[in-house]
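Asker: Provided below are the primary sequence and the corresponding predicted coordinates.
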Amino acid sequence: SDVETGQQVSSLNSQFKVTSLAIQPSDPNVFLCGGFSAEVKAWDLRSSKVVRSYQAGIQQTLDILFLAGGKEFVTSSDAVSRDSAERTLIAWDFQTTAKVSNQIFHERYTCPSLALHPTEDAFVAQTNGNYIALFSAQRPFRMNKKKRYEGHKVEGY
């Protein structure tokens, strides 16, 4: 819906419950949505159709974050087991739908929220381990193990 006029702009039908959405920075007519599904979909508002599909092999996408320029994005998921967290954060190439990396975060916590750092070439991930982890926004997307933000509680997400 248009927020100024209240008129419906487009109607899209997803096969799953959508829990996260991110608008493509270089083309505001395209957005990504994820939710209770093993895939993330890129929709084009002009055609009301899915233009790309990203197969993650997970149960739920918690958040989606476009990195600078919109050529790559990161998804967070609930895919954590006792022994592995390899798919908790996944970096994707927007054009080719290829996974760039799924070895970004190695701790056994989910990350329900992602955000770009306001001044550095980095992004942050709120973990359910009661801390915010800082990552490089450039390949190879490494976690900064010397800097993290803690002292708050995360409950109920």
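Answerer: Sure thing, it's come through. Residues are numbered from 1 along each chain as shown.

Asker: Got phi/psi on residue 70?
Answerer: Dihedral angles of residue 70 (phi, psi; degrees, to the nearest 10) stand at phi 80, psi 10.

Asker: check contacts around the closest residue to it other than its chain neighbours.
Answerer: Excluding its sequence neighbours, the residue lying closest to residue 70 (C-beta to C-beta, 6 or more residues apart in numbering) is residue 25, at 4.0 Å. Every residue, glycine included, has its C-beta placed from N, CA and C. Residues in contact with residue 25 (C-beta atoms under 8 Å, 6 or more residues apart in numbering) are 66, 69-70.

Asker: Please pick the buried ones from the residues you listed.
Answerer: 66, 70 (16 or more other C-beta atoms under 10 Å).

Asker: quick check, nearest of the contacts of residue 25 to residue 19?
Answerer: residue 66 (16.9 Å; C-beta to C-beta).

Asker: okay, which residue is most central for this structure?
Answerer: The chain has residue 64 as the residue nearest its centroid, 1.9 Å off, counting by C-alpha atoms, centre = their mean.

Asker: What are the boundaries of the strands in this structure?
Answerer: Along the chain, the stretches classed as strands by DSSP state E are 18-23, 30-35, 39-44, 49-55, 61-66, 72-77, 89-93, 99-101, 113-116, 122-126, 131-136, 143-150.

Asker: what's the angle between the longest one and strand 122-126?
Answerer: Regarding strand 143-150 and strand 122-126, their directions subtend 50 degrees when assessed with axes from the mean of the first three to the mean of the last three C-alpha atoms, to 10 degrees.
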